[in-house]
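Visitor: only geometry, no sequence info:
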Ligand code: F6R
């Protein structure tokens, strides 16, 4: 079943180009005519009433799905212009956000069975049940499990088509959730005329390049990262930094590493480092910074230099052939050049490989890490 891969996690990392392709094929309209208002760029098949007059979005999730939701918030706010909050489902259950009118509540879960996420969605439905129409619940799920309890609970789902994931550490289901959010944000941006047809067309073209670009990272980087991972046999702490749309990827890189390798790792927004965590740095703590050309590029590089001044070993996830970055970083995990807005789907891949190879090298049970389960069905 592992088809020659040592672990399901590695197999699922390699499935990501296909997963992204399948999801895009399902929802992007290849016949879209930007000049024809009757034709739409993305068709998620969602009921009109679900997205009509939307004023707010609230996203509920846990773990890696919560990280995908943070990218989703960035997209919904920056592309579609809709104020969005993201909450840990386990927190929202006991401190629900005040009711706002015309709010779409989105539950994001790979298993479709996470108890906290289901309970937080159920609470949202119950507390809005008998209110005025503008306050009533509108519930959407994003999942790869259309047969799950989540799908029973919400009005409708976006099926990310990633299929079942076996490795406990989420990989392909995470990138599929991201693709789901790109589709939703672009559909809303188009419906609300928040972006020009040209801009939407450019983003769609960028999305269609992603599967080939992920393949390139896997082909060119996996061997290198496997060797590179040998250098961290004794490492006990890691810091991951990112900003903007790649801040959640720093969180995800840290989570992947800690859950399968048991190394302490923290993800931080790069600009926050000087407000505390910089005190942790010395030559024993490697710092991985995601520095993709775009609005926060120079800022991340200068935050990375602050870490270097404390003797940290600096590892950069950045575009290939970036001479500026090459001067600053001790080691590079390069990815193909692409628009910053689309980069999370690519920048997460070397971080997944790094976590995988560090854990595999330590001889750990990558697919079944201690204390973790694929579905967390208890509170
Ligand atoms: C991380 C991981 C967990 C899950 C979390 C939510 O690799 O697997 O953090 O992301 O338990 O699970 P789902 O998405 O099934 O709700």
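Guide: Perfect, I can see it now. Just so it is clear, the model here is predicted, and its values are computed rather than measured.
Visitor: how many residues are close by residue 127?
Guide: Neighbours of residue 127 under the rule other CB atoms under 10 Å: 13. The way it works is simple: take the backbone N, C-alpha and C, and place the C-beta from them, glycine included.
Visitor: isn't it right up against residue 97?
Guide: No - the criterion here is CB atoms under 8 Å, and residue 127 misses it with residue 97 at 10.6 Å.
Visitor: and this protein, which of its residues are near the ligand?
Guide: Residues of the chain lying close to the ligand by CB under 6 Å from any ligand atom are 62-65, 109-111, 114, 117, 168-170, 255, 259, 376.
Visitor: let me know the closest of these to the ligand.
Guide: residue 63 (2.1 Å; CB to the nearest ligand atom).
Visitor: quick one: neighbours of that closest one, just the number.
Guide: If we define neighbours as other CB under 10 Å, then residue 63 has 22 of them.
Visitor: what sits against it?
Guide: Contact analysis of residue 63 by CB atoms under 8 Å, 6 or more residues apart in numbering lists 170, 255.
Visitor: next one: residue 375
Guide: Contacts of residue 375 by CB under 8 Å, 6+ apart are 111, 113, 114.
Visitor: what about the residue positioned nearest the centre of the chain, helix or strand, and which?
Guide: Nearest to the mean C-alpha position of the chain, counting by CA atoms, centre = their mean, stands residue 68 at 3.3 Å. Residue 68 is part of helix 63-78 when elements are defined by DSSP states H and E.
Visitor: could you list the low-pLDDT ranges of this structure?
Guide: The model of the chain has no residue with pLDDT under 70.
Visitor: what ranges does it have for its strands?
Guide: Counting by DSSP state E, the chain has strands at residues 56-61, 84-88, 103-108, 139-143, 156-159, 237-242, 264-269, 287-290, 314-319, 331-335.
Visitor: need the ones you listed in CSV (columns: mean neighbour count).
Guide: Compiled in CSV, the strands of the chain are given as follows (neighbours: other CB atoms under 10 Å):
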stretch, mean neighbour count
strand 56-61, 25
strand 84-88, 19
strand 103-108, 26
strand 139-143, 26
strand 156-159, 22
strand 237-242, 26
strand 264-269, 21
strand 287-290, 29
strand 314-319, 25
strand 331-335, 20
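Visitor: now render these as TSV, adding distance to residue 343.
Guide: Shown next, in TSV, are the strands of the chain (distance: least, CB to CB, whole Å):
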stretch	distance to residue 343
strand 56-61	21
strand 84-88	19
strand 103-108	20
strand 139-143	20
strand 156-159	22
strand 237-242	10
strand 264-269	16
strand 287-290	8
strand 314-319	9
strand 331-335	8
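Visitor: how many neighbours does the residue lying closest to residue 17 once chain neighbours are set aside have?
Guide: The shortest distance from residue 17 to any non-neighbouring residue, by CB to CB, 6 or more residues apart in numbering, is to residue 211 (4.1 Å). The tally of other residues near residue 211 (other CB under 10 Å) stands at 20.
Visitor: might one say that residue 211 is in contact with residue 25?
Guide: No - counting by CB under 8 Å, residue 211 does not reach residue 25; the two are 10.0 Å apart.
Visitor: give the contact list for the residue lying closest to residue 99 once chain neighbours are set aside.
Guide: What sits nearest to residue 99 in space, not counting adjacent residues and going by CB to CB, 6+ apart, is residue 135, at 5.6 Å. Residue 135 sits next to 99, 101, 128 when contact means CB under 8 Å, 6+ apart.
Visitor: tell me the contacts of the first one?
Guide: Taking CB under 8 Å, 6+ apart, we find residue 99 in contact with 127, 128, 131, 135.
Visitor: any idea how far the nearest residue to the third one once chain neighbours are set aside is from the ligand?
Guide: This means residue 131. In space, residue 131 comes closest to residue 99 once its chain neighbours are excluded; the distance is 7.4 Å by CB to CB, 6+ apart. Distance of residue 99 to the ligand, computed by CB to the nearest ligand atom, to the nearest Å: 24 Å.
Visitor: and residue 99, backbone torsions?
Guide: Phi and psi for residue 99, reported as degrees, to the nearest 10, are phi -70, psi 140.
Visitor: hang on, the earlier thing: now that we have the residues of the chain next to the ligand, which of them are buried?
Guide: Listed as buried from the residues of the chain next to the ligand are 62-65, 109-111, 114, 117, 168-170, 255, 259, 376; burial here means 16 or more other CB atoms under 10 Å.
Visitor: now for residue 244, how many residues are close by?
Guide: Neighbour count of residue 244, defined by other CB under 10 Å: 23.
Visitor: test my guess that it contacts residue 295.
Guide: Yes - here residue 244 lies in contact with residue 295, judged by CB under 8 Å, at a distance of 6.2 Å.
Visitor: picking up where we left off before, need the contact list for the residue nearest to residue 17.
Guide: Contacts for residue 211 (CB under 8 Å, 6+ apart) come out as 17, 18, 20, 21, 24.
Visitor: the fourth one: how many residues sit nearby?
Guide: For residue 21, the count of nearby residues is 18 (other CB under 10 Å).
Visitor: likewise for the second one?
Guide: Other residues near residue 18 come to 16 when the count uses other CB under 10 Å.
Visitor: which residue packs closest to it, ignoring adjacent ones?
Guide: Among residues not flanking residue 18 along the chain, residue 211 sits closest, at 7.2 Å (CB to CB, 6+ apart).
Visitor: and for residue 253?
Guide: Nearest to residue 253 is residue 351, by CB to CB, 6+ apart, at 3.5 Å.
Visitor: alright, calling it a day.
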